[in-house]
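Enquirer: okay, here's the prediction I keep looking at, along with the sequence it came from:
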Amino acid sequence: MKRIKKIGILFLVVVGLAQFFGPAKNKGDISSLEPFYKDTNPSTAVKTILNQACMDCHSESTNYPWYSEITPVNYWLDSHVKDGMKHLNLSLWDDYSAKKKDHKLEELIEMVEAKEMPLPSYTWVHSEAKLSEEQIDLIIKWAENVRLKYVLLEGPQ
């Protein structure tokens, strides 16, 4: 019994100390999204959907929940945010070529249409991010219309 008690105390000490460490947080601000919004011109409804369902993981403007201060949850969240920004970072929209913008919107359409985005692990805690069929249709129609602009900018293939 003494051994189990010592292991338990050691575990609590390690977990307690771990709370003082964590990954760096994504500290960008909402203004980093202005080039994206200006270039793609989403309606108010689409902009609301994007803000609720996409921006925490696909921009440098992450709104961290209270539980992001708890280790090891903070590392799990950090890996999701980094992975999301690796695939699409809307804060870097101006850095993408017209071809890359078109491709990113094509991927967005595919992921939303297949209901692979937003991730279920995100919508469990952020119920407002769960997309209805109407919201899916709005996002897809908007993205398809924006893609036309980039296809024209790319010129003949």
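Expert: The structure has been received and is ready for your questions.
Enquirer: can you list the low-confidence ranges for this protein?
Expert: Low-confidence segments of the chain (pLDDT under 70): 1, 8, 10-26, 28-29, 68, 153-157.
Enquirer: ranges for the helices of it?
Expert: Ranges of helices in the chain, per DSSP state H, are 2-18, 34-40, 44-53, 55-58, 73-87, 98-113, 120-123, 133-154.
Enquirer: please identify the most buried of the ones you listed.
Expert: Per residue and on average, the most neighbours among the helices of the chain fall to helix 55-58, with a mean of 23 (mean count of other C-beta atoms under 10 Å). Using the backbone N, CA and C atoms, a C-beta is placed for each residue, glycine as well.
Enquirer: Met117 touches Met111, doesn't it?
Expert: Yes: assessed by C-beta atoms under 8 Å, Met117 is found in contact with Met111 at 4.1 Å.
Enquirer: which non-adjacent residue is nearest the spatially most central residue of the chain?
Expert: Closest residue to the average C-alpha location of the chain: Cys57 at 1.8 Å, with C-alpha atoms, centre = their mean. Closest residue to Cys57 apart from its sequence neighbours, by C-beta to C-beta, 6 or more residues apart in numbering: Gly84 at 3.0 Å.
Enquirer: let me see the contact set for that neighbour.
Expert: The contact partners of Gly84, taken as C-beta atoms under 8 Å, 6 or more residues apart in numbering, are 56-58.
Enquirer: alpha carbons of stretch 137-145, as CSV, please.
Expert: The C-alpha trace of stretch 137-145 is given here as CSV (Å, rounded to 0.1, in the frame of the first residue of the first chain):
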residue,chain,number,x,y,z
ASP,A,137,-24.6,25.0,-48.5
LEU,A,138,-23.8,28.7,-47.8
ILE,A,139,-20.1,28.0,-47.3
ILE,A,140,-19.8,25.8,-50.4
LYS,A,141,-21.6,28.3,-52.6
TRP,A,142,-19.5,31.2,-51.3
ALA,A,143,-16.2,29.2,-51.8
GLU,A,144,-17.3,28.1,-55.3
ASN,A,145,-18.0,31.7,-56.3
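Enquirer: distance between it and the chain's centre?
Expert: How far stretch 137-145 lies from its chain's middle: 18 Å, per C-alpha atoms, centre = their mean, to the nearest Å.
Enquirer: change the start of the numbering to 119 and stick with it
Expert: Done: numbering now begins at 119, and the last item shifts to stretch 255-263.
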